[in-house]
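Peer 1: Below is the structure, and that's it, no one-letter string:
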């Protein structure tokens, strides 16, 4: 596992963040961890999940914008 700081997580692309999140969950589920280590992993997992959600929201907005009918797009620009 790589312990990236929050500012490094903010620079991750979706695939990297999602893979890191999966690795994080695997560690939390499969190891006997101290409370401190478990909390650190949980906190990191929350940051990774938030990053994934933000990137998915951005992608959804882009898809909606690109698939919006031209008449609707013109109305929204007014």
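Peer 2: Yep, it's here. All values derive from a computational prediction rather than experimental measurement.
Peer 1: Need the residue closest to the centroid of the chain.
Peer 2: Nearest to the mean C-alpha position of the chain, by C-alpha atoms, centre = their mean, lies residue 52 at 1.5 Å.
Peer 1: List phi and psi for that one.
Peer 2: phi -60, psi -40 (degrees, to the nearest 10).
Peer 1: surely it meets residue 21?
Peer 2: Yes: at 6.4 Å, residue 52 counts as touching residue 21 under the criterion of C-beta atoms under 8 Å. Placement of C-beta: from N, CA and C, glycine included.
Peer 1: Tell me which helix or strand the residue nearest to residue 10 when sequence neighbours are not counted sits in.
Peer 2: Nearest-residue entry for residue 10: residue 51, 6.6 Å, with adjacent residues in sequence omitted and distances by C-beta to C-beta, 6 or more residues apart in numbering. Using DSSP states H and E, residue 51 sits within helix 35-67.
Peer 1: check contacts around the residue nearest to the centre of the chain.
Peer 2: With contact set as C-beta atoms under 8 Å, 6 or more residues apart in numbering, residue 52 has these partners: 14, 17, 18, 21.
Peer 1: with those residues in mind, which one is nearest to residue 61?
Peer 2: Nearest to residue 61 out of the contacts of residue 52 is residue 14 (C-beta to C-beta; 14.1 Å).
Peer 1: I figured that closest one hits residue 54, correct?
Peer 2: No: the criterion here is C-beta under 8 Å, and residue 14 misses it with residue 54 at 9.4 Å.
Peer 1: any idea how far residue 31 is from residue 18?
Peer 2: 21 Å (C-beta to C-beta, to the nearest Å).
Peer 1: Please say which of these two ends up with more neighbours.
Peer 2: The residue with more neighbours, out of residue 31 and residue 18, is residue 18; 17 against 10, by other C-beta atoms under 10 Å.
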